[in-house]
Structure formats: structure tokens, C-alpha cells
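Visitor: Following is a predicted model, sequence given first.
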Amino acid sequence: MVLARREVRTSLRGNAARLALMAGPVAFFAVFFAYPVAAIVGRGLHADGVWQFGRFGEVLGRPDIRDVLWFTTWQALASTALTLLIALPGAYVFARLDFPGKRLLRAVVTVPFVLPTVVVGTAFLALLGRGGLLDELWGIRLDTTVWAILLAHVFFNYAVVVRTVGGLWQQLDPRQEEAARVLGAGRLAAWRRVTLPALVPSVAAAALMVFLFTFTSFGVVQILGGPAFSTLEVEIYRQTAEFLDLPTAAVLTLVQFLAVGAVLAVHAWTVRRRESALRLVDPARTARRPHGAVQWLLLGGVLTTVVVLLLVPLAVLVERSFDTPAGYGFGYYRKLGTVDPSGGVFLVPPIDAVWNSLRYALAATAISVVVGGLAAAALTRRAGRLVRGFDALLMLPLGVSAVTVGFGFLITLDEPPLDLRASWILVPLAQALVGVPFVVRTMLPVLRAVDERLREAAAVLGASPLRAWREVDLPLVRRALAMAAGFAFAVSLGEFGATVFIARPDNPTLPVAVARLLGRPGELNYGQAMALSTILMVVCAVALLLLERVRDRSTSEEF
């Protein structure tokens, strides 16, 4: 009887702690996501005191809109499948093989993920379009084709799979797979029966993030697809910015919102059926030098993929940043420190965007880690529908139009008690909306892999839920927390969709500065855009390399 009462008290205390942990993230998303999005949608569908729900049938009945919906869906599925096919071997190589330059290469692989879409679209256009590398070598052009879009999506999302799946893979105990082989299972059968089931939650999380990013693709499709291809995000932008048709944009925003919600619900249901406690070990004990022809061939294939698919487009950007009318030099970089006296793009020297971006990204990372960490801790244990719904809602910012969020910030956060339009914190708040889902998705598979009996033992010994999390969970997930912070910093540094609407002319971020320079004619503006893009790549690579050193140091202290 005493034991039963203790278990009831422990359960009630755990539920109360979970609700307390959820309070902060719920308030954050309600104020800075649900409220702005609802406000902008309401303006589009509510006119003259009447809700115009009949617009749904009118808009969805248009053949051009149906074509947009179809293309948005199938290209996102194709992009996700292609990214997993190409990136999963990379996840294995970075998780299980040890080779010179691995830490540097892992940081470099993440750089494409933070680049503004307009920059990457321009780089791929130079590679795949008229006069590009393929055109010069073999007379092949892929611009205005779906293949250019798919390859650019793989370029963006390769790091998502490598770091999300590889982060868990290198902490799985390889002795479990070795034991299966000792019992007679072949190499492939042992991997399929032991390792693959353990990786399913992280693979599903990576696939979900890739799908959401490609489902809402904007810059890549607009630049590489031409007029023949349009996603929901592109169409929402056109209806809002070009045609000023807010009702149609509101309908498309809600359609995108519902579609993403359905995907998240299916994801949550399938992943929870496969979750189990895992034996996590020191990653330093799982990586080995390549041995055998297969592993060397796999390593060579992954390195070739990284060079051709990721480094070549980046090299094009660097080359163009030095290619001035007077020859190769630092002319464009020197111009970044000056203000155009004829009334250029900015009120300050473009180089100031570097400091602005770092300041905003650090603040957004802190917000993302706090909010996402609390949410991940609340979602660690299996619970009822309320918590599962909260799990899905955390991912919705990745699937809602950034155009809608940006406009929503402008029309809702401009009066007391939330008059933030003149405050610098507005930009980090918008960036954190994208960073929080990455923190949650990176930490959650590791948190849920912790054996529940460890927490139960701590509770039986009298530890409070907070102390149990600090003593049991935190030491095991410190590495995942560092990885989550790196992801949040990276996506905050490169966030463009919502920031472009709220960044002030005297405090631009790097992506906004690049986009504005590219939007103006002239060789000088284009060269400065390439120079800023190169600086963005270097800043990100250095930050991620430092993160790798800190993470490796913290890992060695954990075990």
C-alpha cells in the first residue's frame, strides 16, 4: 500500500513537472507564433464583419492552384527521399569512421544549411544554367528543370541528416550488432535487425525536417524553377507582395498549415510506436579507422559527394567574390566598409551586417536552447494526446509561410504591451521560431533513449523531477545539447524569410544584406553580395568548428 501511494505521488509529481516545463514553450509559441499568424490570416479572410470561408472553394478550385499543390507535395517527397539516399552513407561515415580532417569536414558540411536561398540559387544557376560549368563541359543545362531544384534541396539538407542521424548513430553501442553476428546473422541482417530499429526515430526526425523545408521551399524554386514551377510558399509570396490578394494568400497559408499538421501527426504516431531505450556509449569508442575495401570505398564515395555537391557551389561563390573588373583581388571586400554616397542599399556599411548577424544569432540560440530544452524535457516521457499534440505543434513554424510570420510580426507587435518593432530583440525572436524545432528534434531522440528505470530509481530515492533530470538526463544528453545549440545558431545565422520584413535598414543581417545587394543591378552590388556570402560561410564554419571542439571536450567529460 505504501509503495502504491509512493508511485501515485511520483506520477502526480511527474505530471505537474511536465506541465510546468510546457508552460514556457506554450507561452512563447502562443505570443510569437500563433498570435501573429492568426492575425494576418484573419485580415485576409475577415472583411466587412463577415468571415469569407467561401474563398476556400474558390481558390482550391482553380487549376493553377491545384498544380501548385501537386508540385509542392511531390517535389518535397522526392527531395526528402533523394536527401536520405545521398546523406545516410555520410551519416555512417561521420559516425563510425575516423579519418584526418573529420572535425573540419563536419563543420564545412553544415555551412550550406545556413546560406540564404537566394545565394544558393544563384550559385546553382551559375553551375547548371546557361554558360555554367555543365554547359561549358558537356553542353548540359539543368536550370528551369526539377533536377536543379532537387539537387539544390539536397545541398541544403545534407547536414540535417548527417548531424541528426549521425549524432545518435555514433553513440550506439556497436557490440550489440557484433553480438548478433556472433549468433549467426550476416552483416546486413545484423544491421537491419539491431541498428536500423534504433535509428528509426532519428531518421524519421531528419526526414521530417527535410520534408518541411522542401515543402515550404521559396528561393530555390523561384530562381532555379523559373515560371514553370511554383510551391505554396512562392505562391503565397506572389499573392501577397505582387497581387496584394490577402484572401488568396490566407487560404493558401491555412492549406499549408493543415498539410504540415497532418504530416506531423502521422510522424508522431509512427515514431512513438518504435521508440525504445538504447544503450548509449562514448562516441570516441565507436569510431574506427576504415578497414576493408568496402569501408574505404564508402569513405571515398562520401568525400566525392561532399566535394561535388557541396564544395563546388561554395567555391563558385568564393571565386566570384574575388573576381573584380580589375582582376582578382579584395576590391569587393574593401567596398563593404563604406557607405554608398549616392544613396545605396543601406544606411550603414554592409560589413556591419556581420556583427548584427552574430549578435542576433547568439540571442536567438539562447532563446532556442531554453525554450526547446524545456519542451524536449517535457516530451521525454510517453504521455497522452495533449502532450503528443504539443510535440507536433512545436514543428509548425517550419511549415508555415515565413512571409505570413514576417507580416504577422509587423501588424501585431507594434503596440503595448508588445511594442517590439523598434527593439532589436524582434529579429532574434523570429529566428528562434525556426531554431526551437531543431533543438527539440535533436535532443528528443537521445532523451527518449535514456533508460526510464534510471529516472524511476532516482524518484524512488527521493529526487525531485528537476533533480532527476539534472542528475540522470543532463549528463547523458550534454552532447546532444551542444549539437542542438549548433543547429540553432546555424539556422538563426542564415534565417531570411521572416527577418527580411523586420530587419531595420540600419541593422541588417547578413542574409538580408545579401538579398538586397542581389536585388539591385550593377556589378559592384553583385560582387559585394558574393563577398558577404563568403564571409557568412567563413563565420559559420569557424563557429561550427569551435562547437565541435567544445562538444568533443564535453563528451570526454561525460563518460
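Guide: Good, I have the coordinates. Residues are numbered from 1 along each chain as shown.

Visitor: where's residue 245 relative to residue 348, distance?
Guide: 35 Å (CB to CB, to the nearest Å). In this view, the C-beta of every residue, glycine as well, is placed from N, C-alpha and C.

Visitor: Revised request: answer the last question for residue 21.
Guide: For residue 21 relative to residue 348 (CB to CB), the value is 41 Å.

Visitor: next one: residue 539
Guide: 18 Å.

Visitor: So for those two, which residue has more residues nearby?
Guide: Neighbour totals were compared for residue 539 and residue 348, and residue 539 leads with 18 against 14 (other CB atoms under 10 Å).

Visitor: residues in contact with the more buried one?
Guide: When contacts are counted by CB atoms under 8 Å, 6 or more residues apart in numbering, residue 539 is found next to 354, 357-358, 493, 510.

Visitor: For PyMOL, write the selection for the buried entries among those.
Guide: In PyMOL, this line selects whichever of the contacts of residue 539 come out buried by 16 or more other CB atoms under 10 Å:
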select buried, resi 354+357+358+493+510
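
Visitor: Show me the two of the contacts of residue 539 that sit farthest apart.
Guide: 354 and 493 (10.3 Å; CB to CB).

Visitor: Quick check: neighbours shared by the two?
Guide: In contact with both residue 354 and residue 493: 510, 539, using CB under 8 Å, 6+ apart.

Visitor: residue ranges with poor pLDDT in the stretch 51-200 of the chain?
Guide: 130-133, 173-178, 180-194 (pLDDT under 70).

Visitor: any idea of the mean pLDDT for stretch 427-444?
Guide: On average, the pLDDT along stretch 427-444 is 86.

Visitor: Sort out which residues of stretch 123-132 are buried, please.
Guide: 123-129, 132.

Visitor: what's the offset of that stretch from the middle of its chain?
Guide: 26 Å (CA atoms, centre = their mean, to the nearest Å).

Visitor: Which residues does that stretch contact?
Guide: 133-135, 141-143, 148, 151-152, 155, 220, 223-224, 312-314, 316-317, 320.

Visitor: the strands in the stretch 451-559 of the chain, which residues?
Guide: Taking DSSP state E, counting those that start in this stretch to define them, one finds no strands in the stretch 451-559 of the chain.

Visitor: which stretches of it form helices?
Guide: Ranges of helices in the stretch 451-559 of the chain, per DSSP state H, counting those that start in this stretch, are 452-460, 465-468, 474-494, 499-502, 510-518, 523-558.

Visitor: For residue 82, which of the ones you listed is the nearest?
Guide: helix 474-494 (21.2 Å).

Visitor: average pLDDT across the closest one?
Guide: 78.

Visitor: and it with helix 510-518, angle?
Guide: 20 degrees (axes from the mean of the first three to the mean of the last three CA atoms, to 10 degrees).

Visitor: right, and residue 151 touches residue 309 too?
Guide: Yes: in this structure, residue 151 is within contact of residue 309 by CB atoms under 8 Å, at 7.2 Å.

Visitor: who has more neighbours, these two?
Guide: Shown here are residue 151 and residue 309; by other CB under 10 Å, residue 151 has more neighbours (22 against 17).

Visitor: show me the contacts for that one.
Guide: 124, 128, 142, 309.

Visitor: which residues sit in contact with the third one?
Guide: With contacts defined as CB under 8 Å, 6+ apart, the neighbours of residue 142 are 128-129, 134, 148, 151.

Visitor: Look at it and give its secondary structure.
Guide: Of the three states, residue 142 takes coil under DSSP: H, G, I helix; E, B strand; the rest coil.

Visitor: Take the contacts of residue 142 and write them to JSON lines, including secondary structure and distance to residue 113.
Guide: Converted to JSON lines, the contacts of residue 142 look like this (DSSP: H, G, I helix; E, B strand; the rest coil; distance: CB to CB, whole Å):
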{"residue": "128", "secondary structure": "helix", "distance to residue 113": "20"}
{"residue": "129", "secondary structure": "coil", "distance to residue 113": "23"}
{"residue": "134", "secondary structure": "helix", "distance to residue 113": "24"}
{"residue": "148", "secondary structure": "helix", "distance to residue 113": "19"}
{"residue": "151", "secondary structure": "helix", "distance to residue 113": "15"}
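
Visitor: can you tell me which two in those residues are farthest apart?
Guide: Across those (CB to CB), the longest gap, 12.6 Å, separates 129 and 151.

Visitor: and the contacts of residue 151, which two are the farthest apart?
Guide: 142 and 309 (13.3 Å).

Visitor: And for residue 511, the neighbour number?
Guide: 28.

Visitor: I should have written residue 292 there, sorry.
Guide: Considering only other CB under 10 Å, residue 292 is surrounded by 8 other residues.

Visitor: Residue 295 now?
Guide: Residue 295: 16 neighbours (other CB under 10 Å).

Visitor: same check, this time on residue 46
Guide: 13.

Visitor: so what's it bridging to?
Guide: residue 51 (DSSP bridges).

Visitor: That one contacts residue 52, correct?
Guide: Yes: in this structure, residue 46 is within contact of residue 52 by CB under 8 Å, at 7.3 Å.

Visitor: Sketch out the low-pLDDT regions of the stretch 451-559 of the chain for me.
Guide: Residues of the stretch 451-559 of the chain that meet the cut-off, pLDDT under 70, sit at 451-452, 454-456, 465-466, 469, 472-474, 476, 544-545, 547-559.

Visitor: and if we set it to 50?
Guide: Scanning the stretch 451-559 of the chain with the threshold set as pLDDT under 50 gives 554-559.

Visitor: which residue ranges form the strands in this structure?
Guide: With DSSP state E, the ranges of strands along the chain come out as 46-47, 50-51, 323-324, 327-328, 414-415, 418-419.

Visitor: Ok, which of those strands comes nearest residue 535?
Guide: strand 323-324 (16.1 Å).

Visitor: For that closest one, give the mean pLDDT please.
Guide: The model assigns strand 323-324 a mean pLDDT of 86.

Visitor: strands paired with it, and their directions?
Guide: strand 327-328 (antiparallel).

Visitor: Would you map the helices across the stretch 201-350 of the chain?
Guide: Under DSSP H, counting those that start in this stretch, the stretch 201-350 of the chain gives helices at 219-224, 232-237, 246-272, 292-305, 312-322, 331-335.

Visitor: Tell me which of those helices lies nearest to residue 435.
Guide: helix 246-272 (17.5 Å).

Visitor: Identify the spatial nearest neighbour of residue 38, chain neighbours not counted.
Guide: Closest residue in space to residue 38, ignoring its immediate chain neighbours: residue 408 at 8.0 Å, by CB to CB, 6 or more residues apart in numbering.

Visitor: swap that for residue 536, please
Guide: For residue 536, the spatially nearest residue (CB to CB, 6+ apart) is residue 510, at 4.7 Å.

Visitor: ok, the one you found to residue 336 distance?
Guide: With CB to CB as the criterion, residue 510 and residue 336 are 11 Å apart.

Visitor: so what's in contact with these two at the same time?
Guide: Common neighbours of residue 510 and residue 336 (CB under 8 Å, 6+ apart) are residue 532.
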